[in-house]
Structures are given as structure tokens and as C-alpha cells.
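Participant: With the sequence up front, the predicted model follows.
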Amino acid sequence: MVASDELRRALAAAGVGFSEGERLALHTTIGIGGEAPIFLKPTNATEVLAALAILTRFEVPFRILGAGSNLLVDDGPLDFAVVALKPWLEEPAWAADGVVAAAGAFLPGLARAAAERGLGGLEFAIGIPGSVGGALRMNAGAAGSAMETVVEWAEVARVGEREVAVERLRPHFRYRSAGLADQDVVLRVRFRLTRGEPTALLAIQAENIARRRQTQPTAARSAGCMFKNPAGDSAGRLVDACGLKGLRRGAAEVSTLHANYVLNRGGASAAEVRALIAEVKARVRAATGVELEEEVVRWPTRP
Ligand code: EPU
């Protein structure tokens, strides 16, 4: 897929910045991902909606990129456009009982700002290196809590066959899911927070970060936890119990610190990561009968 002149002109007329042939490896925390033919960089909600309308009108398939932290993008070239929400720099709208944040906002930054203002509820989120929109879609969680405990509503652009409609909705949360369709684009999220003492809230966040640094390979390149936890158990514990820490395929490696992390040890390809995932799943299945399911979102080269 390549951009047509008409598409370039429409994006330029709407003031939506874009680049061509952008390597997704530069935009994912695991440092993997092929080239996107068109990479859109809207800087506000109006431009996001314009970008979605133009892509829909030109029938260009697309995917939405947040912080790229829970994402495994295949080795390219990719056959779809990417809309990056990160450059969308709308300031959070603070209130006495919560905040409305843009989808592209970085969740740990929002969590910290909330604590500093004496708004509690986002302490769990300080160590989740995702965007607000991505964390909502995934119902991201840590430290015994998750997005569902604090989200009041989400403003979502629902991309239909011909038009884009904006809706405010209460997500139907389940473990690591908000029940949104692939084509739903989160624009803003309203968090309901409670009053707290800034020093106490910041101390809880510091504890959560310290625990995470002790138990998870936070400095290495990864996409976070690779598998969902099976009911009543931990995927990391299972993979570890099967003796798979340190298992490698090329430069992809099962972390020796937390076995639910797959690390890019330098120049790993998506194919190597997929091969490692398949091997881990097969060995866990053979040893325990448990079928692990990926938590990380995969973008195949075709939409
Ligand atoms: N364990 C092992 N070996 C390992 C890893 C873990 O034996 O290699 C054991 C631990 O000792 C502990 C148990 O397994 O007894 C649970 O481990 P942990 O507390 O690390 O939690 P987890 O269930 O592995 C979940 C989330 C993490 C989140 C942590 C901390 C999932 C898939 N994982 O991990 O989320 O950070 O709790 O709150 O839900 C993510 O979703 O990307 C993620 C990292």
C-alpha cells in the first residue's frame, strides 16, 4: 500500500501532519515493527477526527498507536496506515473529583499529577507505561487494581463504513478488556478520583514503582507481560515453573527476572518473538495442560 496524491492532498488540507515509510520499531517499547506506508500525527481532537474521516473516505485501513508499550508489530512492510495519538497534547481537565485526559496522554504522568493534586485512585497506574487510551482498551492493571475501578466514561470515535460518530460511553470491562470494537478510537477518558493527601499518595506510588523494579525487567526492551494470567494463577509463575526463563529464539529471550516478559536483547525480529511465544505456549501446554493466551496486541502486516 502506498499513499495516493489525493490522500496526501486531503491530509494536508485538513492540517494533519504525516510521514511515509515510518519504522514502527521506533514507536514500540520492545523496539520491533516494520514500516508503515502512512503515519499520521494529529495534534488535537479535531485533527484526529479529520484523519479518521479522510482514511474512511479513501477506504484506507488503519490502526491506532498509543504509547506502543503493549504491542508486537510484525516485521514489515505494513499494509495499513497508522494514526499516532501520542502527539495529541491536550492538557488534562482537572476537577475536584477527577480528571478528563486525552487518549494520547501518558498514564504514569497523569497518575503522578493526580497524586500531586491530592487526587487518589491512580496509584496503581504509576508503573503502567501506556497511553490513557491504550490502558483503557486493555483495562490495564497492576498492584491489585485496574482501569475499571476509576474510569467513569470514555469518549470514543466509532468509525463506521461511511462516517465517524463520537459517543460518550461506559465501557463493559472484563479482565484486560473494555469491550471496544477494533474500529473504536478512544479520544478522552474521564477518571473519577477521591481526595487524598499528596504525600501519602506519592509514597504509595513510590512503593509500587520500587516493587515493580524489583520484580519486573523495567529497564529492558519488552512489551510488558506477554500472556494474560489464567484464572486463579499467574502466567509468569507457570512459565517459570516450566523452567523456561532465559529461553531464546534469536535475540528474543524469556526474562530471567519475570517469566511473563519477552525481551528484545538487541535487533530481535517479530518473527523471533512469535517463535518464542509459540515455543513457550507449547511447553506450558505439554507440562500443565494450560493454554496461555497473549495479552500483548499483535499487528500483522495486513489489516
Ligand atoms: N512468579 C514466579 N516467577 C516469575 C514471575 C512471577 O514465580 O517469573 C510468581 C511471583 O513470585 C508471585 C506470582 O507469580 O508469587 C505473581 O507474580 P506477580 O506479582 O509478578 O504478578 P503477575 O500475576 O505475574 C500481574 C500483571 C502485571 C502486573 C503485576 C503486578 C498480568 C498478566 N500481569 O503479574 O501486569 O504488573 O501483576 O501488579 O495481569 C502487564 O499486564 O503487562 C503486567 C506486567
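Facilitator: Right, received. Where do you want to start?

Participant: contacts, neighbours, all on C-alpha from now
Facilitator: Noted.

Participant: which residues touch the most centrally placed residue in the chain?
Facilitator: What sits nearest the mean C-alpha location of the chain, by Cα atoms, centre = their mean, is Gly134, with 4.0 Å. By Cα atoms under 8 Å, 6 or more residues apart in numbering, Gly134 lies in contact with 66-67, 103.

Participant: which one of those sits closest to the ligand?
Facilitator: Nearest to the ligand among the contacts of Gly134, counting by Cα to the nearest ligand atom, is Ala67 at 13.1 Å.

Participant: Point me to the helix or strand that includes the residue nearest to the centre of the chain.
Facilitator: Per DSSP states H and E, Gly134 falls inside helix 132-138.

Participant: Can you name the element that comes right after that helix?
Facilitator: Criterion used, DSSP H and E; the element after helix 132-138 is strand 141-142.

Participant: got a list of contacts for the very next helix or strand once past that next one?
Facilitator: Per DSSP H and E, the first helix or strand lying C-terminal to strand 141-142 is strand 145-146. Outside strand 145-146, the residues that touch it by Cα under 8 Å, 6+ apart are 124-125, 139-140.

Participant: what about the residue nearest to Gly121 when sequence neighbours are not counted, distance to the ligand?
Facilitator: Closest residue to Gly121 apart from its sequence neighbours, by Cα to Cα, 6 or more residues apart in numbering: Leu193 at 5.4 Å. Distance, Leu193 to the ligand, by Cα to the nearest ligand atom, to the nearest Å: 20 Å.

Participant: Same question for Thr301.
Facilitator: Noted for Thr301: a distance of 23 Å to the ligand, by Cα to the nearest ligand atom.

Participant: does the residue nearest to that residue when sequence neighbours are not counted sit in a helix or strand, and which one?
Facilitator: In space, and not counting its chain neighbours, Thr301 is closest to Leu78: 4.4 Å by Cα to Cα, 6+ apart. Secondary structure assignment for Leu78, by DSSP H and E: no helix or strand.

Participant: Wait, Leu78 touches Phe62, no?
Facilitator: No: contact between Leu78 and Phe62 fails when scored by Cα atoms under 8 Å: they sit 10.2 Å apart.
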